[in-house]
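Novice: sequence first, predicted model second:
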Amino acid sequence: MCCPNRLNSGTPQMIDLPHVASRVFGTPLMIARAKLEVILGVLAPRLAGSTSEPIDPEADPAPQTSITVERIAVVSVIGTLVSRSGYLAAASGLVSYADIGDAIAAAMDDPSVRGVILDVDSPGGEVGGLFDLVEQMRAIKAGNGKPLWAVANENALSAAYAVASTADRLYVTRTGEVGSIGVVAVHVDESGADAKAGLAWTFVFAGERKVDANGHEPLSERARATIQADVNRLYAQLCGLVAANRGLTIEAMRATDAAIYRGELAIRAGLADRLGTLDLAIAEMVAELDRTASTARNIVNPTPKRSPSMATTETERIQHDATEPQLPLASQAAPQAPNPEPTPPAPEPAADPAPVPGPADKLRAEYADIAALAAQAARLGVTVDATDAMRKGISADALRRSVLDALAARAEATSVIAAAPSTTATGESPIVRRAKERAAAARA
């Protein structure tokens, strides 16, 4: 009935199989049917006294967290989910709800981490501890501005789907599976095996329900009804939890009938958001975080809505950025005026004094400059693909020159000249002068 268990110390230990059985039989589980059959296939022969294929478990796996070069933390949720690990490693790998919660909290609290993605490959597991973990995850998200996404890679079923559904965005791989939103309880009637073994069990007890659903007697109707009522209550809670996480109705969750949905079908059913791998999820999270950071920097000097009289203003801003970044363009109009304009403020520093930025910071700053230039150019009718420019390594200065060339060469250059603001005799706008030259050359 028992077998050795290897611990890190190498000292042989014993697994208490009756204790294992008590955590599987006669208690509600949120686990996929196929995985449950595997566990039952491992445990049942040993509970009947078989000693073939002895159990040889390794140390229980804990959630592994890795941090990518883009500072995205990937927390693994792989294996059977349990409230506490340490008693079922023989049947499959384990990961406890408490360990998952600790790993997510640690990643969110890490100042170097920008976002967290759960890498889920689990058939589900125990009921105990699941709802507490989901509440913890919700509290972590509410108290932390970092995104929390999940990938069903390859399975996020039953209790594991409840965990994954708590994420802000859920990916599923092309062959990945989600769903199995249901609850199951297993009762093993060992009375036939007892009779063959010549064993007769007698229970002396107080309390009418004390020995209900014991494994040495057939399951009574009262015991069955009690277990069914418990399963029904947990099922209602599970459907409510998933419905709230996914923005769906409880009726829609019940309507799945605990079915499993693969790939694109999961998205159609509303149980996942996007089709994609873990690598895709990481790349898209990085892109969204970079866009958010760029927007936050640009919002300091928001650009007003474009009007017809602003076309030249936008053009001059581009020319000004390319030629005189240290002075506003207006100062070029009357450099020798008796009452000069007040000295303009120095350019706003890119950031507070800090350690020398690394390559990633420089890339983000370059992308922000290119994105701002693209927005200015778009208001003038010139399209700039910021992503393509970054991929080809084109600098913001080079793009700025190309925009000026495009504006000056347009057939409607005369409209740009007409819209230009008046200046003093010595302060004609460089972009207007250049447009006149191009227009004259075109007529020649």
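Specialist: Received, thanks.
Novice: after the helix or strand harbouring A375, next one along is what?
Specialist: Assigned by DSSP states H and E, A375 belongs to helix 359-379. Scanning forward in sequence from helix 359-379 by DSSP H and E, the next helix or strand is helix 386-392.
Novice: other SSEs contacting that next one?
Specialist: helix 359-379 (3 or more Cβ pairs under 8 Å, 6 or more residues apart in numbering; DSSP states H and E). Every C-beta, even on glycine, is put in place using the N, C-alpha and C of the backbone.
Novice: which residues does S112 contact?
Specialist: S112 sits next to 67, 71 when contact means Cβ atoms under 8 Å, 6 or more residues apart in numbering.
Novice: kindly recompute the last result at 6 Å.
Specialist: R71 (Cβ atoms under 6 Å, 6 or more residues apart in numbering).
Novice: and if you look at the one 3 residues further on?
Specialist: Contacts for G115 (Cβ under 6 Å, 6+ apart) come out as 72, 146-147, 285.
Novice: let me see the backbone angles for it.
Specialist: Dihedral pair for G115: phi -160, psi 170, per degrees, to the nearest 10.
Novice: what does the one 10 residues further on give?
Specialist: Note on G125: its backbone torsions stand at phi 170, psi -130 [degrees, to the nearest 10].
Novice: need the contact partners of stretch 199-209.
Specialist: Contacting residues not belonging to stretch 199-209 are listed as 211, 216 [Cβ under 6 Å, 6+ apart].
Novice: again, only this time at 7 Å
Specialist: 194, 211, 216 (Cβ atoms under 7 Å, 6 or more residues apart in numbering).
Novice: pull the longest helix from the protein.
Specialist: Longest helix in the chain, counting residues (DSSP state H): helix 221-246.
Novice: pLDDT (mean, whole number) over that helix?
Specialist: Mean per-residue pLDDT for helix 221-246: 95.
Novice: and it, what does it pack against?
Specialist: Helices and strands touching helix 221-246, by 3 or more Cβ pairs under 7 Å, 6 or more residues apart in numbering; DSSP states H and E, are helix 130-142, helix 159-164, helix 250-255.
Novice: for those, which one sits closest to Q228?
Specialist: helix 250-255 (15.9 Å; Cβ to Cβ).
Novice: give me the angle between the longest strand along the chain and helix 130-142.
Specialist: Taking DSSP state E as the criterion, the chain has its longest strand at strand 148-157. Strand 148-157 and helix 130-142 are oriented at 160 degrees to each other (axes from the mean of the first three to the mean of the last three Cα atoms, to 10 degrees).
Novice: other residues contacting strand 148-157?
Specialist: Contacts of strand 148-157 (Cβ under 7 Å, 6+ apart): 32, 116-124, 141, 164, 167-173, 175-180, 260, 272, 278, 281, 285.
Novice: take those residues and keep only those in helices.
Specialist: Within the contacts of strand 148-157, residues falling in helices by DSSP H are 141, 164, 278, 281, 285.
Novice: let me see the contact set for the last one.
Specialist: Residues touching M285, when contacts are defined by Cβ under 7 Å, 6+ apart, comprise 72, 115, 117, 147, 149.
Novice: try V69
Specialist: V69 touches nothing, counting by Cβ under 7 Å, 6+ apart.
Novice: can you report phi and psi for it?
Specialist: Note on V69: its backbone torsions stand at phi -60, psi -20 [degrees, to the nearest 10].
Novice: what about K196, how many residues nearby?
Specialist: Neighbour count for K196, taken as other Cβ atoms under 10 Å: 9.
Novice: returning to what we had before: for A386, which of the helices and strands packed on helix 221-246 is the nearest?
Specialist: Using Cβ to Cβ, the helices and strands packed on helix 221-246 put helix 130-142 closest to A386, at 30.4 Å.
Novice: in that closest one, what's buried?
Specialist: Within helix 130-142, the residues scored as buried using 16 or more other Cβ atoms under 10 Å are 130-131, 133-134, 136-137, 140-141.
Novice: can you redo these as TSV with pLDDT and distance to A185?
Specialist: Below are those laid out as TSV (pLDDT from 0 to 100; distance: Cβ to Cβ, whole Å):
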residue	pLDDT	distance to A185
L130	96	15
F131	96	17
L133	97	21
V134	97	21
Q136	97	25
M137	97	26
I140	95	31
K141	94	31
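Novice: between all of the residues you listed, which two are separated the most?
Specialist: L130 and K141 (16.9 Å).
Novice: could you pull out the strands for the stretch 201-350 of the chain?
Specialist: 260-262, 274-275 (DSSP state E, counting those that start in this stretch).
Novice: which of the ones you listed is buried the deepest?
Specialist: By mean neighbour count, with neighbours taken as mean count of other Cβ atoms under 10 Å, strand 260-262 ranks first of the strands of the stretch 201-350 of the chain at a mean of 20.
Novice: which ones are touching T175?
Specialist: By Cβ under 7 Å, 6+ apart, T175 lies in contact with 154, 262-263.
Novice: list the contacts of Q64.
Specialist: S76.
Novice: report the separation between it and V75.
Specialist: Applying Cβ to Cβ, to the nearest Å, the value for Q64 to V75 is 8 Å.
Novice: one step back: from the ones in helices among the contacts of strand 148-157, which is closest to L373?
Specialist: Taking Cβ to Cβ as the measure, L373 lies nearest M285 of the ones in helices among the contacts of strand 148-157, at 25.3 Å.
Novice: give me the pLDDT for the closest one.
Specialist: 96.
Novice: grab the nearest non-local neighbour of N298.
Specialist: Among residues not flanking N298 along the chain, A372 sits closest, at 5.7 Å (Cβ to Cβ, 6 or more residues apart in numbering).
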